[in-house]
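Visitor: Sequence below, structure please.
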Amino acid sequence: MHLRQQIITFCLIISVSWADSIHTFYRNRYPPSSEEDYYYNEDYHETIPKQDTAAFVPNPPSSDDAEGRLAREAGMCSNVNEIHRSIKALDCSKPVLKTVKLRPPAPNFAIVPSVAQVKRCAGHCNHPRSCLPSKTSTIRIPVYKFDKSNVTNKQTCVEYELLQHEECRCKCAVESHHCSKHQTYDANNCACSCKVQEEKHKCLEMQFSNMEPLRYWDDLTCECKCIPKSCGRLRVWVPSMCRCMQIPTGEEDENALF
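Guide: Predicted structure coming up:
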């Protein structure tokens, strides 16, 4: 009788453990999505659990799940709102003091002090825009210049010019005037893109031949270019043909370069 009770108890423990494992699996695999369980943070554009002790966060895609998965990690997002508030507090409109390195006028010179503090733009902006200066000024600070090649090591007091940011705003680091004649400006992504997108796709399709990269697409010139190779003795690289050709030696050779 005693043995029978032990067997029954053991089976109950196994059953409860198995049920709990199944519950945990489905809870992690299919997280609750009702409004009671989650709230929406408009600034962060992510759904975040009310409980700080556990949050659903995306994991990198694995070999068995190309689209990634959601995993429960205890405390991972407990201070995400506090971090986000501190980032938003970095107002872009006001420059802040930054320490910058003073570059010597030549390799044989040294500047003392070697650093200085100036106002620079360093606030937060939404991607793809950056916090950049809209108004600048030039300031001059006194420094000592040393000639390291001079045995007397005589110091000279000089003025060092530095660019200072006076006003800042969120804008694109790449603007329309940065684009070449072969490119168009994409204001939404703050980027220049090639006009001939069809040629770019063709270039990328024929990028590999015999499992070796032969061509690449140059986004600056919007051209499909060959990757130069070392041709060896009596051979020269011909970019237009994307191959090495033999240098003519006077003898008839069908592979000779004419």
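Visitor: contacts, neighbours, all on C-alpha from now
Guide: Fine.
Visitor: This structure: helices as residue ranges?
Guide: 2-29, 80-88, 197-205 (DSSP state H).
Visitor: which residues are contacting the last one?
Guide: Taking Cα atoms under 8 Å, 6 or more residues apart in numbering as the criterion, the residues outside helix 197-205 that touch it are 215-217, 222-224.
Visitor: Can you name the two of the residues you listed that sit furthest apart?
Guide: 215 and 222 (12.9 Å; Cα to Cα).
Visitor: returning to what we had before: which one of the contacts of helix 197-205 is nearest to residue 131?
Guide: Nearest to residue 131 among these, with distances taken as Cα to Cα, is residue 222, at 28.8 Å.
Visitor: Just checking, which helix or strand of this protein averages the lowest pLDDT?
Guide: strand 38-41 (a mean of 32; mean pLDDT, DSSP states H and E).
Visitor: Make sure residue 246 is actually in contact with residue 232.
Guide: No - using Cα atoms under 8 Å, residue 246 makes no contact with residue 232, being 9.6 Å away.
Visitor: Compare these two (neighbour count), which wins?
Guide: Between residue 246 and residue 232, counting by other Cα atoms under 10 Å, residue 246 is the more crowded of the two (18 against 10).
Visitor: Show me where the stretch 151-258 of the chain dips below the pLDDT cut-off.
Guide: For the stretch 151-258 of the chain, the stretches flagged by pLDDT under 70 are 207-212, 250-258.
Visitor: rerun that using 90 as the cut-off
Guide: Applying pLDDT under 90 to the stretch 151-258 of the chain flags the ranges 151-156, 180-182, 195-221, 223-258.
Visitor: Do you have the strands of it handy? List them.
Guide: Shown for the stretch 151-258 of the chain, the strands assigned by DSSP state E, counting those that start in this stretch span residues 155-171, 183-186, 191-194, 208-209, 212-213, 215-218, 223-226, 235-238, 243-246.
Visitor: Just put those strands in TSV and tack on distance to residue 123.
Guide: Shown next, in TSV, are those (distance: least, Cα to Cα, whole Å):
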stretch	distance to residue 123
strand 155-171	8
strand 183-186	24
strand 191-194	21
strand 208-209	43
strand 212-213	42
strand 215-218	33
strand 223-226	37
strand 235-238	49
strand 243-246	50
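Visitor: deepest of those strands, which one?
Guide: Neighbour counts (mean count of other Cα atoms under 10 Å) averaged over each of the strands of the stretch 151-258 of the chain peak at strand 191-194, with a mean of 20.
Visitor: Residues touching that one, excluding its own?
Guide: Residues contacting strand 191-194 (Cα under 8 Å, 6+ apart): 174-176, 178-179, 182-186, 219, 222.
Visitor: will you turn those into a markdown table that also has distance to residue 195?
Guide: Shown next, in a markdown table, are those (distance: Cα to Cα, whole Å):
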| residue | distance to residue 195 |
| --- | --- |
| 174 | 17 |
| 175 | 16 |
| 176 | 14 |
| 178 | 15 |
| 179 | 11 |
| 182 | 6 |
| 183 | 5 |
| 184 | 6 |
| 185 | 10 |
| 186 | 11 |
| 219 | 10 |
| 222 | 8 |
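Visitor: which of those residues lies closest to residue 131?
Guide: Using Cα to Cα, these come closest to residue 131 at residue 174, 12.3 Å.
Visitor: just checking, that closest one touches residue 190?
Guide: Yes - using Cα under 8 Å, residue 174 is in contact with residue 190, at 5.6 Å.
Visitor: count of residues packed around residue 81?
Guide: Residue 81 has 14 nearby residues by other Cα under 10 Å.
Visitor: And it, how far from residue 131?
Guide: Taking Cα to Cα, to the nearest Å as the measure, residue 81 falls 22 Å from residue 131.
Visitor: ditto for residue 188
Guide: Residue 188 is 16 Å from residue 131, where distance means Cα to Cα.
Visitor: ok, these two, which is more surrounded?
Guide: Using other Cα under 10 Å, the more surrounded residue of residue 188 and residue 131 is residue 131, with 23 against 9.
Visitor: Please consider this matter closed, and thank you.
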